[in-house]
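Participant: With the sequence up front, the predicted model follows.
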Amino acid sequence: KQWYQRRVRAAPSSTQPPPPPAATQAATNTPTGPAPGYHPSGISISDLQRLNKELLVVRGNDGVMNDILTDLQNNPTPKTDELQLLRDLHSTCREMHRRMMELLEQVEEEGPVCQLLDLIDKLNNTFIRYERYERNLTMASPPDATGGPMPLESRNPPQQT
């Protein structure tokens, strides 16, 4: 459990997406090449570095979430703190996913777009695993006082004739 918590980091919430390429286009139209501090694509080098750092955090969180899901799928009685950690991580990854989708609308350069699309796809696959796990967990849990789901083994067993 501890290594999960050490690896899980939320992306900084104050981070703004890099400016749209049009805002920096003038810097790239010089006859000698891009202005100092800018990548040839028009995004500032510091924005590219920040984006790469944040994508590493997202990749790390996705990997931790997949590791936890694998561990929990092999454990018929998960601990409450493990489930809470998974749910917190899911929430964090959902927020990161939302921000990447917004950023995708602003970035036109092929490299960052490919990185964003790849990571969004990986997160979508992880979300599918998570939702499947939650659904199976809910289906297998005993009914509660609020009329929750019945355990799988007590649902209409096949009638033998």
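Facilitator: Done, it's in. Numbering: from 1, shown residues only.

Participant: Just the buried positions in stretch 105-125, please.
Facilitator: 107, 109, 112, 115-116, 119-120, 123 (16 or more other Cβ atoms under 10 Å). (Each C-beta comes from the backbone N, C-alpha and C, glycine too.)

Participant: Just give me the closest of those to Arg50.
Facilitator: Sorting the buried residues of stretch 105-125 by distance to Arg50 puts Pro112 at the head of the list, at 11.3 Å, by Cβ to Cβ.

Participant: any idea how far the closest one is from Ser46?
Facilitator: Separation of Pro112 from Ser46 (Cβ to Cβ, to the nearest Å): 14 Å.

Participant: Tell me how many other residues crowd Asn136.
Facilitator: Around Asn136 there are 12 other residues, counting by other Cβ atoms under 10 Å.

Participant: what does His90 give?
Facilitator: A count of neighbours around His90, defined by other Cβ under 10 Å, yields 20.

Participant: tell me which element the nearest residue to it once chain neighbours are set aside is part of?
Facilitator: Sequence neighbours aside, Tyr130 is the residue nearest to His90 in space, at 5.4 Å (criterion: Cβ to Cβ, 6 or more residues apart in numbering). Secondary structure here is read from DSSP states H and E; on that basis Tyr130 sits in helix 110-140.
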